[in-house]
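>>> The following comprises the amino acid sequence and a computationally predicted model.
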Amino acid sequence: MDILPPNFTAGTSGSHSTQSASKHYSRTAIGLHWLMAIAVVSVFAFGLYMHDLPLSPWKLRAYSWHKWAGVTIFALAIIRLTWRLFNRPPKLPRHMGRAEQFIAHSGHALLYVLMFMIPLSGWLMSSAKGFQTVLFGIFPIPDLLSKSKELGDILQTVHWGLNIFLAVIVAGHIAAALKHHFINRDDVLTRMLPYRHRS
C-alpha cells in the first residue's frame, strides 16, 4: 500500500540505486499487507454475521470479540503507517499515466484512512451506546463520549456506511491488481505475493 507520494523516502537517494532497491516489496511490507488484509476481511465478514443475531449471551460475546479485533486493527494500522513513513515502496509501472497513478495513490490513501476511521467510529459508537470496550476482557478502554442513544444510533449508521465504503474500495483494489496481472501483464500483483519475494 502506498499512501505517500512515490518520491518520498527516509534515508534513500540516487535514482539508479533507488530503482534497484525498490523493485520488490520487503518481507515486512508483504507480511503487514496480508496480515491487515486478512484481519480487515475477517472482521468485516464477522460483523455482517453478528449484525442480525438475536440478543443473547453469544451475541454480546461476539460483539466483544469484534471490538477487540477492531482495536487490534487500529494498532496494526499505526504500525503499518509508521513503517511506511521510513520505507519506500516499489515504483508503479512506467506505462501507468498520471491519472491512473493518482487513482492508485488515492485508493491506497483511502484504505489507510478507513483503517483508522472505522475502528474509531466503532469506539465512539460503543461509548455513546454505553458499552465500554474492555480489551480481551482485561484492559478497559476509556469511553470517548457520554452515553447518548441518539448519537449512538447516528454513529452506528456512520460505522456501517464506512464499512460499505471500505468494501467498495477493497473490491476496486482487487480489481486493479487483477487488471495489472491479466491485462497489463506487469508485476504489480506478483511482487506482493510472499512466494514471489526476492531479496
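Received it, and whenever you're ready, just let me know what you need.

>>> so how far is residue 191 from the closest residue to residue 32 other than its chain neighbours?
Ranked by C-beta to C-beta, 6 or more residues apart in numbering and with sequence neighbours excluded, the top spatial neighbour of residue 32 is residue 80, at 4.9 Å. Every C-beta, even on glycine, is put in place using the N, C-alpha and C of the backbone. According to C-beta to C-beta, to the nearest Å, residue 80 and residue 191 sit 18 Å apart.

>>> These two - which one has more neighbours?
Neighbour comparison, residue 80 and residue 191: the larger count goes to residue 80, with 21 against 17 (by other C-beta atoms under 10 Å).

>>> So in terms of bridging, what pairs with residue 140?
Beta-bridge partners recorded for residue 140 (DSSP bridges): residue 134.

>>> Could you pull out the buried residues of stretch 102-120?
For stretch 102-120, burial by neighbour count (16 or more other C-beta atoms under 10 Å) applies to 104-105, 107-108, 110-115, 117-119.

>>> As JSON lines, these with pLDDT and secondary structure would be great.
As requested, these are exported to JSON lines (pLDDT from 0 to 100; DSSP: H, G, I helix; E, B strand; the rest coil):
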{"residue": "104", "pLDDT": "94", "secondary structure": "helix"}
{"residue": "105", "pLDDT": "93", "secondary structure": "helix"}
{"residue": "107", "pLDDT": "94", "secondary structure": "helix"}
{"residue": "108", "pLDDT": "93", "secondary structure": "helix"}
{"residue": "110", "pLDDT": "96", "secondary structure": "helix"}
{"residue": "111", "pLDDT": "95", "secondary structure": "helix"}
{"residue": "112", "pLDDT": "93", "secondary structure": "helix"}
{"residue": "113", "pLDDT": "96", "secondary structure": "helix"}
{"residue": "114", "pLDDT": "96", "secondary structure": "helix"}
{"residue": "115", "pLDDT": "94", "secondary structure": "helix"}
{"residue": "117", "pLDDT": "97", "secondary structure": "helix"}
{"residue": "118", "pLDDT": "97", "secondary structure": "helix"}
{"residue": "119", "pLDDT": "95", "secondary structure": "helix"}
